[in-house]
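1. How does the following fold in three dimensions:
(chains A, B, C and D)
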Protein chains: 2
Amino acid sequence: MKLEQALQTSRFRNETHKASLNILYTSWWLKTTMSRELKSYGLTHEQYNVMRILKGKSPEMMCVKDIAGRMIEKNSNVPRIIDRLVEKKLVKRQTDSNDKRHTVVQLTPLGLRLLEKSTKGIESLMENLLVVTEKEATSLNTLLEKIRQKE
Amino acid sequence: MKLEQALQTSRFRNETHKASLNILYTSWWLKTTMSRELKSYGLTHEQYNVMRILKGKSPEMMCVKDIAGRMIEKNSNVPRIIDRLVEKKLVKRQTDSNDKRHTVVQLTPLGLRLLEKSTKGIESLMENLLVVTEKEATSLNTLLEKIRQKE
DNA sequence: AATAAATAGATGTATATACATGTAATATAT
DNA sequence: ATATATTACATGTATATACATCTATTTATT
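-> Numbers count the residues shown, from 1 in each chain, chains lettered A, B, ... in the order given. This is a model prediction of the structure:
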């Protein structure tokens, strides 16, 4: 869908302005589509993101700060997301014995199984949804990093 | 900043997977940067978005549904965002006399002045921040619309 | 005209974001 | 060694998202 149609407007100052709205809209669309799929596993996008991060280091435990540093949205309130995962017994949380300021977190076997199932769902969804060539994706990555150059 | 650095990982299945994370991250970055600027005017990104939409049609009044259809995030709870704008006397809200189901909304002179000031701030911020050529921006727009082709 | 269906939006709930503040544990400075 | 600063995290608050449900009004059906 063209952005003009999605936002029901064609008032863009220039292509760069349009691109910024296009990024925000595409991100919302992606997140929404993924969230709908994740809902069938009882997960939110953020809970899934935390679990993916934990999987990346497993079977090592990770502290809250390290998880937060890998989150897409850097202001995520990771302790609270972990609260919900603990309630659902998808992760285990304990105080680090070496440094009691640290809270370390780990996927439970239940969490790992759910992550694997949901990841399959998400990956097949994305494969069908996002039909661009590797070359186009590379070009997109380059342009997005260019737009963030003053980060 | 490279995505690898932002997310502290280099585990991407392929360029398309990386692109999806890149879109989500760039969107978060953009939104955060804009929100910081908008905060100096006492506005959230969503409140600003509603006000921009109202300006686009002013001096006509707009109903809640029409505003919602133009929002970037389609699940925005527009009545509640308007609540906050009404509290701050930035918009005026009333029932449509022709169809009492409709609530029509309009910027107040105060709202219009604040919008003009904040828009100047946002535009100069973006101009300095997003340094890509028109050509690159066009190419980015094309790729984002391609990635959403199955929308 | 009376009834049913559709529409607009208000409102409720769980979760998340954004950010401020509080608290305990550890590291650093004197 | 004691005081101070820093770090890691928990927790509180306002606002937003995502979605369900309720209510008032209008439109369509019979």
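
2. And A:E127, which helix or strand is it part of?
-> helix A:109-129 (DSSP states H and E).

3. List the contacts of that helix.
-> With contact meaning CB atoms under 8 Å, 6 or more residues apart in numbering or on different chains, helix A:109-129 is reached by A:33-34, A:37-38, A:40-41, A:43, A:48, A:51-52, A:54-55, A:58, A:85, A:89-91, A:107, B:13, B:16-17, B:20, B:150. For every residue, glycine as well, the C-beta is placed using N, CA and C.

4. Just the buried ones from the residues you listed?
-> With neighbours counted using 16 or more other CB atoms under 10 Å in any protein chain shown, the contacts of helix A:109-129 contain these buried positions: A:33-34, A:37-38, A:43, A:48, A:51-52, A:54-55, A:85, A:90-91, A:107, B:16-17, B:20.

5. The residue in chain A positioned nearest to DNA strand D: how many residues sit nearby?
-> Closest to DNA strand D within chain A is A:P79: 2.5 Å, counting by CB to the nearest atom of the strand. Residues lying near A:P79 (other CB atoms under 10 Å in any protein chain shown) number 13.

6. My read is that it contacts A:T103, right?
-> Yes: assessed by CB atoms under 8 Å, A:P79 is found in contact with A:T103 at 7.5 Å.

7. shared neighbours, these two?
-> Listed as contacting both A:P79 and A:T103 by CB under 8 Å, 6+ apart are A:V64.

8. And DNA strand C, is the longest helix along chain A touching that?
-> Assignment by DSSP state H gives helix A:15-39 as the longest helix of chain A. No: interface with DNA strand C: helix A:15-39 contributes nothing (CB under 7 Å from any atom of the strand), its closest point being 9.2 Å away.

9. Name the residues that touch the helix or strand that comes right after that helix?
-> Proceeding N to C from helix A:15-39, the next assigned helix or strand is helix A:45-57, under DSSP H and E. Residues outside helix A:45-57 that contact it (CB under 8 Å, 6+ apart): A:31, A:34-35, A:38, A:43, A:62, A:66-67, A:70-73, A:76, A:78, A:81-82, A:84-85, A:90-91, A:105-107, A:111-112, A:114-115, A:118-119, A:122, B:9, B:11.

10. Please list only the buried members of those residues.
-> A:31, A:34, A:38, A:43, A:62, A:66-67, A:70-73, A:76, A:78, A:81-82, A:85, A:90-91, A:105-107, A:111-112, A:114-115, A:118, A:122, B:9.

11. Centre of the chain to stretch A:56-69, how far?
-> 15 Å (CA atoms, centre = their mean, to the nearest Å).

12. just stretch A:24-31 next, same as before
-> Distance, stretch centre to chain centre, for stretch A:24-31: 12 Å (CA atoms, centre = their mean).

13. how near is the spatially most central residue of chain A to A:T142?
-> Nearest to the mean C-alpha position of chain A, by CA atoms, centre = their mean, lies A:N49 at 4.5 Å. Using CB to CB, to the nearest Å, A:N49 is found at 24 Å from A:T142.

14. for A:L3, same thing?
-> Using CB to CB, A:L3 is found at 21 Å from A:T142.

15. between these two, who's got more neighbours?
-> Each of A:L3 and A:T142 has its neighbours counted (other CB under 10 Å); A:L3 has more, 21 against 14.

16. was I right about that one contacting A:A19?
-> No: at 9.3 Å, A:L3 and A:A19 do not qualify as touching, with contact defined as CB under 8 Å.

17. so A:L107 bridges to which residues?
-> As for beta bridges, A:L107 partners with A:V91 under DSSP bridges.

18. Pull up the per-residue confidence for it.
-> We note a pLDDT of 98 for A:L107 in this prediction.

19. Would you mind listing what in chain A touches DNA strand D?
-> Contact residues (CB under 7 Å from any atom of the strand) of chain A with DNA strand D: A:28, A:31-32, A:35-36, A:39, A:63-65, A:68, A:77-80, A:82, A:93, A:96, A:99, A:101-104.

20. let's see 6 Å
-> With CB under 6 Å from any atom of the strand as the criterion, chain A meets DNA strand D at residues A:31-32, A:35-36, A:39, A:63-65, A:77, A:79-80, A:101-103.

21. Show me how to select, in ChimeraX, the buried members of these.
-> Selecting only the buried entries of those in ChimeraX, with 16+ other CB under 10 Å as the criterion:
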select /A:31,63,64,102,103
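
22. Max pairwise distance over the residues of chain A next to DNA strand D: which two?
-> A:R36 and A:R101 (37.9 Å; CB to CB).

23. just to revisit the earlier point, show me what contacts the residue of chain A closest to DNA strand D?
-> A:P79 is in contact with A:V64, A:T103, counting by CB under 8 Å, 6+ apart.
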